[in-house]
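**Student:** for reference, the sequence and a predicted model appear below.
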Amino acid sequence: MTILPASFAETRDGPLEIIRFAALEPGPKLLVLGAVHGDETCGPKAIDRAIADIRAGRVDLVRGEVTFLPIANRKAYRQRTRAGDRNLNRDLRDKPVPLDHEDRVGNRLCALLRAHDALLDIHSFRGEGEPFVFCGPQNNTDALEPFRHAAAEGDFAARLGVAVVMHGWLDVYRRLIDCRARLGLPPLLPTEGHGTTEYMRFAGGYGVTLECGRHADPASVEIGYAAIRRALAHLALIDAPKPDVSARLVIRVCDIVICEAQGDRLEGVWKTGDPVAAGAVLARRADGTQVRAPSDGYVVFPDAAAQPGQSICYFGVASERRLAVAP
């Protein structure tokens, strides 16, 4: 009898519960995900409400399909931790030889993403800050993230009920990978920044990440639930007016402050979305050197507990990109 290594063993942290509703008329196929990170519970709660609405007839799906995966990472969700064995929303791709729990989940998730046209991935974050949507790049044929549905994705992002939309994730994440290499830290794969939305774009569709606010804030559930209803209406899966444009600010995330050594730290108290003036001190190195904002902009994902090789914060500027498609 062949005994497989532990990394190949069958997991007991399943199965994935996937709920799908198919209307009798053709239309787009929407996928809604929750708990890609196990400590982000607003997604499962918002999705459960939407499922109950459809089952009870309070929401009538008249065309297309909607698939709900309330808990994408059940192991992490049971542990109430961000990850099971590792971060599911990093290095997401098909892996013929899965080496951990997230690889096994990822293989199922990639197949699910390929079968849909649009993705709404519901998240929350640890600190305080403004809810926002992360969308992808403009149409391009570059090697990093080729894309051809920027107009449709931007319009989708602009109508989900939150005021802030951000873009530029993979460009700035590549800076993190390069910086870690410069510091001699364990290297990250070129695909490390790829998660659900990046795979969705690779597969030919489009998708956005909705960050609903602080993990434990009850309002985050309401934001997620409202976004699901808006997504169904926007894609005309239900007979409802097209949602209004809620986006008021578009931020291009363009830089990152890395913790290069023990003792590097965030300077001051910042929240995601906080405006910052050029020259403001964002962080302080262990030797006392100040890291200042290169221009007027915005602080994104500040982390007062960052360790060497991790981001102290991201930095963004006001984008000139227009998202909403004129009626």
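**Tutor:** Perfect, thanks for sending it. Residues are numbered from 1 along each chain as shown.
**Student:** on the three-state scheme, the residue most central in space within the chain is what?
**Tutor:** For the chain, the residue nearest the mean C-alpha position is Thr209 (3.5 Å; C-alpha atoms, centre = their mean). Three-state assignment for Thr209 (DSSP: H, G, I helix; E, B strand; the rest coil): strand.
**Student:** what's the closest non-adjacent residue to it?
**Tutor:** Phe134 (4.2 Å; C-beta to C-beta, 6 or more residues apart in numbering). From N, CA and C alone the C-beta is placed, and that goes for glycine too.
**Student:** now for that neighbour: which residues touch it?
**Tutor:** By C-beta atoms under 8 Å, 6 or more residues apart in numbering, the residues touching Phe134 are 165-167, 169, 197, 208-209, 211.
**Student:** kindly reformat these as TSV containing pLDDT and distance to Gln138.
**Tutor:** What follows is those, written out as TSV (pLDDT from 0 to 100; distance: C-beta to C-beta, whole Å):
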residue	pLDDT	distance to Gln138
Val165	98	13
Met166	98	14
His167	98	8
Trp169	96	13
Thr197	98	15
Val208	98	15
Thr209	98	17
Glu211	98	21
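**Student:** by contact count, what packs against the lowest-mean-pLDDT helix or strand in the chain?
**Tutor:** When each helix and strand of the chain is scored by mean pLDDT, DSSP states H and E, helix 169-182 comes last, with a mean of 93. With contacts taken as 3 or more C-beta pairs under 8 Å, 6 or more residues apart in numbering; DSSP states H and E, helix 169-182 sits against strand 249-258.
**Student:** pLDDT (mean, whole number) over the helix or strand following the strand it packs on?
**Tutor:** Using DSSP states H and E, the helix or strand that follows strand 249-258 towards the C-terminus is strand 265-266. Average pLDDT, strand 265-266: 97.
**Student:** how far does strand 265-266 sit from the chain's center?
**Tutor:** 24 Å (C-alpha atoms, centre = their mean, to the nearest Å).
**Student:** who touches it?
**Tutor:** 259, 282-284, 302-304, 306, 312-313.
**Student:** change it to 10 Å
**Tutor:** 257, 259, 281-286, 291, 299, 302-306, 312-313 (C-beta atoms under 10 Å, 6 or more residues apart in numbering).
**Student:** a markdown table for the contacts of Phe134, including distance to Ile51?
**Tutor:** Formatted as a markdown table, the contacts of Phe134 follow (distance: C-beta to C-beta, whole Å):
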| residue | distance to Ile51 |
| --- | --- |
| Val165 | 27 |
| Met166 | 28 |
| His167 | 30 |
| Trp169 | 29 |
| Thr197 | 22 |
| Val208 | 20 |
| Thr209 | 21 |
| Glu211 | 22 |
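**Student:** helix, strand or coil for the closest residue to Gly84 other than its chain neighbours?
**Tutor:** Nearest non-adjacent residue to Gly84, counting by C-beta to C-beta, 6+ apart: Lys75, 3.4 Å away. Under three-state DSSP, Lys75 falls in the helix class.
**Student:** what about Lys75, neighbour count?
**Tutor:** 22 (other C-beta atoms under 10 Å).
**Student:** which elements pack onto the longest helix anywhere in the chain?
**Tutor:** Taking DSSP state H as the criterion, the chain has its longest helix at helix 218-234. Packing partners of helix 218-234 (3 or more C-beta pairs under 10 Å, 6 or more residues apart in numbering; DSSP states H and E): strand 29-33, helix 42-56, strand 65-69, strand 118-125, helix 150-158, strand 206-214.
**Student:** would you mind saying which of those lies nearest Arg321?
**Tutor:** helix 150-158 (7.3 Å; C-beta to C-beta).
**Student:** now the closest one: how far from the chain's centre is it?
**Tutor:** Using C-alpha atoms, centre = their mean, the offset of helix 150-158 from its chain centre is 15 Å.
**Student:** give the buried residues for that helix.
**Tutor:** 150, 152-158 (16 or more other C-beta atoms under 10 Å).
**Student:** perfect, I'm done here.
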